[in-house]
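Enquirer: A structural model of the following input is requested.
(chains A and B)
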Protein chains: 2
Amino acid sequence: MEQLTRYPDRGGDRRLLDEILDEGVVAVLSTVVDGLPWSIPIAYVRAGDLVILHGSTGAGALRHVAAGAPATLTVTHLDGLVVADTAFDHSMNYRSAVLRGPLRVETADAGELLDRFVDALLPGRSAEVRANSRKELAATAVLTLRITDENWIAKARTGGASSSEGGWSGVLPLRKGYARVEPSPGQDLPVPASVLAAVSGR
Amino acid sequence: MEQLTRYPDRGGDRRLLDEILDEGVVAVLSTVVDGLPWSIPIAYVRAGDLVILHGSTGAGALRHVAAGAPATLTVTHLDGLVVADTAFDHSMNYRSAVLRGPLRVETADAGELLDRFVDALLPGRSAEVRANSRKELAATAVLTLRITDENWIAKARTGGASSSEGGWSGVLPLRKGYARVEPSPGQDLPVPASVLAAVSGR
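Expert: Residues are numbered from 1 along each chain as shown, chains lettered A, B, ... in the order given. Purely as a prediction, here's the structure:
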């Protein structure tokens, strides 16, 4: 883990990192193109020490800039707005992780990694649908970032608000998780177990 | 607006950009340090054509790398998980914006910008608390990124899921907004109007 100079008390361990990664779905991937920062939002999942990303092979920018280039992957959860009785003491409850690393393009294991991708979002989903076809695999670029002991930082701010001058203070926690299941119109098939698991789990 | 090559139908106009920015609270700020990408989560608000950021002047990294350096600011909203009947067609409903620009360090207008910051998150809050003290202002670095006609891109994916093979499909929308107001323990002061406005508005 990198060292936190400013908020050492907000530095987290690997358990915090995994919690942050596992609760999120979309990260911001940044790299450097022609000396300039380049960023995109991207879905990801964690599987052990691997963070798995994927995109269309038609999305050339992703493939060309991300493979082997230095990259950061940032995941942020806003957990609450912290309201203090002075403007200065207002804050946020949040958890965030920044991982660094070159991305690796996966080819041999692409199908298995994509199964792990969908199963991380919808537990057991890969067994409910047919395997990816050769054509689908060819259209999909799979990239991984390996978590090591030193290529990430995780931070969290939790807790209440300060009321240093006797005024009102409090926290506004954000809603989390999936709101409901919205089946596509006109179908009366049973909701898959993977979907029920995802909705009850998040 | 920059051009979207891959998903031209997902490209958005300025109204979409403002919607994305105004609904968010935390962005990812990325820049380049010694040729490497550098990213942090950071709270922001939009006020007209300005995106306002702030941090502690003690957080030297923010001030030194962000002032004048090329930067991206990325805001992402995951709106729903899109479940298709093939693994390949699973998708996300999302809205995202990436802004580019050098950041400007604001000094003369710092106090006013900080008022706009807190008022954007909690409507009317700056009038409920005392003005920032000179000491508080000195401890706060205020940065802005100006929205122009060409330094941003906004994208959205909305709608349903495809069921190309007759299996179940649907969408899992995410919960949004503040869950409740949690006053600090042991106080019986009335909840400020700004807090009630924020909770009802998001």
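
Enquirer: Tell me which helix or strand comes right after the lowest-mean-pLDDT helix or strand in chain A.
Expert: Counting by mean pLDDT, DSSP states H and E, chain A has its least confident helix or strand at helix A:60-66, which shows a mean of 65. Following helix A:60-66 in sequence order, the next helix or strand is strand A:70-83 (DSSP states H and E).

Enquirer: Who are the packing partners of that next one?
Expert: helix A:14-23, strand A:26-33, strand A:91-102, strand A:170-173, strand B:26-33, strand B:36-47 (3 or more CB pairs under 8 Å, 6 or more residues apart in numbering or on different chains; DSSP states H and E). Bear in mind the C-beta positions are built from the backbone N, C-alpha and C, glycine included.

Enquirer: what would the ones you listed look like in CSV with mean neighbour count and distance to B:Val129?
Expert: Below are those laid out as CSV (neighbours: other CB atoms under 10 Å in any protein chain shown; distance: least, CB to CB, whole Å):
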stretch, mean neighbour count, distance to B:Val129
helix A:14-23, 16, 31
strand A:26-33, 24, 32
strand A:91-102, 21, 14
strand A:170-173, 21, 14
strand B:26-33, 24, 22
strand B:36-47, 21, 16
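
Enquirer: quick one, which of those is nearest to A:Arg157?
Expert: strand A:91-102 (5.4 Å; CB to CB).

Enquirer: Just confirm yes or no for the closest one near chain B.
Expert: Yes - looking at strand A:91-102 against chain B by CB under 8 Å from any CB of the partner chain, the contacts come from A:Met92, A:Tyr94, A:Ser96, A:Val98, A:Arg100.

Enquirer: In TSV: the residues you listed, plus distance to A:Leu73 and pLDDT.
Expert: Output for these, formatted as TSV (distance: CB to CB, whole Å; pLDDT from 0 to 100):
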residue	distance to A:Leu73	pLDDT
A:Met92	21	96
A:Tyr94	17	96
A:Ser96	11	97
A:Val98	7	97
A:Arg100	8	96
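
Enquirer: what's the closest of those residues to chain B?
Expert: A:Ser96 (4.3 Å; CB to the nearest CB).

Enquirer: Could I get the contacting residues of the closest one?
Expert: Residues counted as contacts of A:Ser96 (CB atoms under 8 Å, 6 or more residues apart in numbering or on different chains) are A:Ile20, A:Thr74, A:Val75, A:Thr76, A:His77, A:Ala154, A:Lys155, A:Ala156, B:Pro41.

Enquirer: can you put these in TSV and add distance to A:Gly12 and pLDDT?
Expert: Shown next, in TSV, are those (distance: CB to CB, whole Å; pLDDT from 0 to 100):
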residue	distance to A:Gly12	pLDDT
A:Ile20	8	97
A:Thr74	14	98
A:Val75	12	98
A:Thr76	13	98
A:His77	12	97
A:Ala154	4	96
A:Lys155	6	93
A:Ala156	6	94
B:Pro41	13	95
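
Enquirer: How far off centre is stretch A:32-45?
Expert: 14 Å (CA atoms, centre = their mean, to the nearest Å).

Enquirer: Export that stretch to CSV, keeping only CA atoms.
Expert: The C-alpha coordinates for stretch A:32-45 follow below in CSV (Å, rounded to 0.1, in the frame of the first residue of the first chain):
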residue,chain,number,x,y,z
VAL,A,32,-1.4,9.3,-20.6
VAL,A,33,-1.8,9.9,-24.3
ASP,A,34,0.7,12.2,-26.0
GLY,A,35,1.6,13.7,-22.6
LEU,A,36,-2.1,14.4,-21.7
PRO,A,37,-4.3,12.7,-19.2
TRP,A,38,-6.9,10.4,-20.8
SER,A,39,-9.8,9.1,-18.8
ILE,A,40,-12.9,6.9,-19.3
PRO,A,41,-15.5,5.3,-17.1
ILE,A,42,-15.3,1.6,-17.3
ALA,A,43,-17.0,-1.4,-15.7
TYR,A,44,-14.8,-3.7,-13.7
VAL,A,45,-14.9,-6.6,-11.3
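
Enquirer: how near is the residue most central in space within chain A to A:Asp18?
Expert: Chain A has A:Gly24 as the residue nearest its centroid, 3.8 Å off, counting by CA atoms, centre = their mean. For A:Gly24, the distance to A:Asp18 (CB to CB, to the nearest Å) stands at 11 Å.

Enquirer: show me where pLDDT drops low in chain A?
Expert: A:1-11, A:59-61, A:63-66, A:202 (pLDDT under 70).

Enquirer: longest helix anywhere in it?
Expert: The longest helix of chain A (DSSP state H) is helix A:110-121.

Enquirer: quick one on the thing from earlier: specify the beta-bridge partners of the nearest residue to the residue nearest to the centre of chain A once chain neighbours are set aside.
Expert: Take A:Gly24 and drop its neighbours on the chain: the residue closest to it by CB to CB, 6 or more residues apart in numbering or on different chains is A:Val75, 4.5 Å away. A:Val75 has these beta-bridge partners by DSSP bridges: A:Ala97.

Enquirer: Give the burial count for A:Val75, as a bare number.
Expert: 25 (other CB atoms under 10 Å in any protein chain shown).

Enquirer: Tell me if I'm right that it and A:Ala27 touch.
Expert: Yes - the pair A:Val75 / A:Ala27 is scored as a contact, 4.7 Å apart, by CB atoms under 8 Å.

Enquirer: list the residues that contact both of those two?
Expert: In contact with both A:Val75 and A:Ala27: A:Tyr44, using CB under 8 Å, 6+ apart.
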